[in-house]
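> Need coordinates for the following:
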Amino acid sequence: MIAFFSFLVLMGTAVALNAVAALAVLGAAIVLFAALRPLNVIGARRAKALSKAQLEYAGGVSEMSRLAEENQVFGVAAAQRRRIGHLIGVAEMLVYRNATVNRLAPALYQSAVYLILVGGLAALYAAGPTHIASLSAVVLLIVRAGTYGQGVQGSYQSLRQSLPFIERLRDTAKRYRDSIPTAGRRPLESVRTIAFDEVSFSYRAGRPVLSDISFDVKAGESIGVIGPSGAGKSTLIQLLLQLREQQQGRYLINGTPVQEFDRGDWHRRVAYVPQEPRLIHASVADNIRYYRELDEDALQRAARLARIHDDIISWREGYETTVGPRADAVSGGQQQRICLARALAARPEVLVLDEPTSALDPHSEMLIQDSLKGLRSELTLFVIAHRMSTLDVCDRVMVIVDGRLVAFDTITALQRDNAYYQSASTLAVGAAGGILP
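Okay, here's the model as predicted:
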């Protein structure tokens, strides 16, 4: 902005000294600016391609790191390295091309301004020597103005080439804003009932993932959720957690639409344990605390409920033992129980677990099962079950098939009346660990 105003001041002074010369040069500069516009367009197009290439490169590196074991086991490490090398090559080429355009436009602009000045000087000299004094001042002012004009041109070029990155960030931020469920200000003192009333949801128009889901759950109930892969179980849990908002129907807490309640109150009363345990690189205590104001008694109480306290105190540094992605490994079962302790630490009223024992060894599964049994009636429990044995703690079980709630009853009733449950039970008997199909 300073360069722009300096340019205007210097050009105004030049006009006052010799209007014809200054306006002629200014007109030529404007024409030159327009003539260089195609370079700006090319730069913006290449910046957009560079933005995409850099995202693909970052995603490729992240994927290669995340799947390092599979890459080695399947013997595809070399292929992955070639793929990453190709992504690096594409990004590198676009960086050089962008740099070329960035440097080329200002250089052309400056060179053309000098040519215009030389031409104007020759024309005025031919008109007569009486203009030499004012001409000299005009030339000096326009040279300085040209420097500022070059700065304006460079800033414009940089802005145009930054737009694809800004637009990508803006579009992403808009998608996140649009997906945030609405929240009200009504206090939520307790969760007495949870109900869905003909709730439907779809990721794409015309392709519903859940259709007309209706149920009513009372406080203290333990609810299992089963169904084939892709049936909509995980989406149901996301709606329960208010990670997504239903598109049709009503989600009611204590008979009131959940959107009317204060979001802070909701978060204090609901907890979640994902299928894949995710630890931060920190102490066990900080992993259980998870950025909340919780005292040591709360942490140890939660660890005991999750059946991980005895393991923790057996470690040399106890609750100060560092765990997480960059620390010494703890077993998958221990990670899952640390995450369960994290969920229980703030004494939630509703606990949602996504297939908590699907990848655990029998001993870890038994400990998780003991934890869940100990929690019965203390809170409302929703469990997406991958093992039939997980359902033993449930009062009732939902059966989701093709996005519809086809049954919601006790295990005894489902064993008697529901074809999917009967088939799943039969298949699970012969599967290792009683895993559902």
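> any idea of the mean pLDDT for stretch 409-427?
The predicted model gives stretch 409-427 an average pLDDT of 88.
> what comes up buried for that stretch?
Taking 16 or more other Cβ atoms under 10 Å as the basis for neighbour counts, the residues of stretch 409-427 that come out buried are D409, I411, L414, N418, Y420, Y421, A424, S425. Backbone N, C-alpha and C define where each C-beta goes, glycine included.
> how far away is the fourth one from I223?
Distance of N418 to I223, given as Cβ to Cβ, to the nearest Å: 15 Å.
> Check R387 too.
Spatial separation of R387 from I223 under the definition Cβ to Cβ is 16 Å.
> Contacts only, for Q238.
R244 (Cβ atoms under 8 Å, 6 or more residues apart in numbering).
> what about it, helix or strand, and which?
Taking DSSP states H and E as the definition, Q238 sits inside helix 233-240.
> Point out the other elements, helices or strands, that the helix or strand that that helix is followed by touches.
Once helix 233-240 ends, the next helix or strand along the chain (criterion: DSSP H and E) is strand 248-253. For strand 248-253, the contact count by 3 or more Cβ pairs under 8 Å, 6 or more residues apart in numbering; DSSP states H and E identifies strand 193-204, strand 207-218 as packing neighbours.
> Quick check: neighbours of the next helix-or-strand element following strand 248-253 in the sheet, parallel or antiparallel?
Past strand 248-253, heading to the C-terminal end, the next element that is a helix or strand (DSSP H and E) is strand 256-257. The pairing partners recorded for strand 256-257 under DSSP bridges are strand 248-253 (antiparallel).
> who touches the strand it pairs with?
For strand 248-253, the external contacting residues (Cβ under 8 Å, 6+ apart) are 188, 191, 193-201, 212-214, 239, 257-259, 261.
> ok, now stretch 256-267?
Applying Cβ under 8 Å, 6+ apart, the set of residues contacting stretch 256-267 is 181-189, 242, 245, 250-253.
> and what of stretch 282-296?
Contact with stretch 282-296 is made by 279-280, 299, 302-303, 312, 315, 317-324, 338, 341-342, 345-346, as judged by Cβ under 8 Å, 6+ apart.
> try stretch 341-351
Judged by Cβ under 8 Å, 6+ apart, the contacts made with stretch 341-351 from elsewhere in the structure are 190-191, 194, 219, 268-273, 287-290, 292, 294, 298-299, 301-303, 305-306, 308, 375, 379-382.
> My understanding was that H386 contacts E355; is that so?
Yes. Contact status for H386 versus E355: in contact at 4.2 Å, counting by Cβ atoms under 8 Å.
> Secondary structure element for the nearest residue to L391 once chain neighbours are set aside, which one?
Distances taken as Cβ to Cβ, 6 or more residues apart in numbering put G224 closest to L391, at 4.5 Å, once the chain neighbours are dropped. In the assignment (DSSP H and E), G224 maps to strand 222-226.
> pLDDT averaged over that strand, what's the number?
What strand 222-226 shows for mean pLDDT is 94.
> swap in stretch 99-119?
Averaging the model's pLDDT scores along stretch 99-119 yields 67.
> same deal with stretch 375-394?
Stretch 375-394 shows a mean pLDDT of 85.
> In that stretch, which residues are buried?
Of the residues in stretch 375-394, those buried by neighbour count under the rule 16+ other Cβ under 10 Å are 375, 379-391, 393-394.
> Look up how far I223 lies from D265.
Between D265 and I223 the distance, using Cβ to Cβ, works out to 22 Å.
> Likewise for A183?
Here the criterion is Cβ to Cβ. By it, A183 lies 24 Å from I223.
> Tell me which of the two has more neighbours.
A side-by-side neighbour count of A183 and I223, using other Cβ atoms under 10 Å, places I223 first with 19 against 16.
> dump the residue contacts of that one.
I223 makes contact with V217, T380, L381, F382, V383, C394, D395, R396, V397, M398 under the criterion Cβ under 8 Å, 6+ apart.
> Kindly reformat the residues you listed as CSV containing distance to G232 and secondary structure.
Conversion of the contacts of I223 to CSV gives the following (distance: Cβ to Cβ, whole Å; DSSP: H, G, I helix; E, B strand; the rest coil):
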residue, distance to G232, secondary structure
V217, 17, strand
T380, 21, strand
L381, 20, strand
F382, 14, strand
V383, 16, strand
C394, 19, coil
D395, 22, coil
R396, 18, strand
V397, 15, strand
M398, 11, strand
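> Now the two most distant members of those.
Using Cβ to Cβ, the contacts of I223 span at most 14.8 Å, a distance reached by T380 and V397.
> Flag the shaky bits of the stretch 151-300 of the chain, pLDDT-wise.
Low-confidence segments of the stretch 151-300 of the chain, defined by pLDDT under 70: 151-169, 172-173, 175-177, 179-181.
> Apply 80 and report the result again.
Where the stretch 151-300 of the chain drops to pLDDT under 80, the residues are 151-183.
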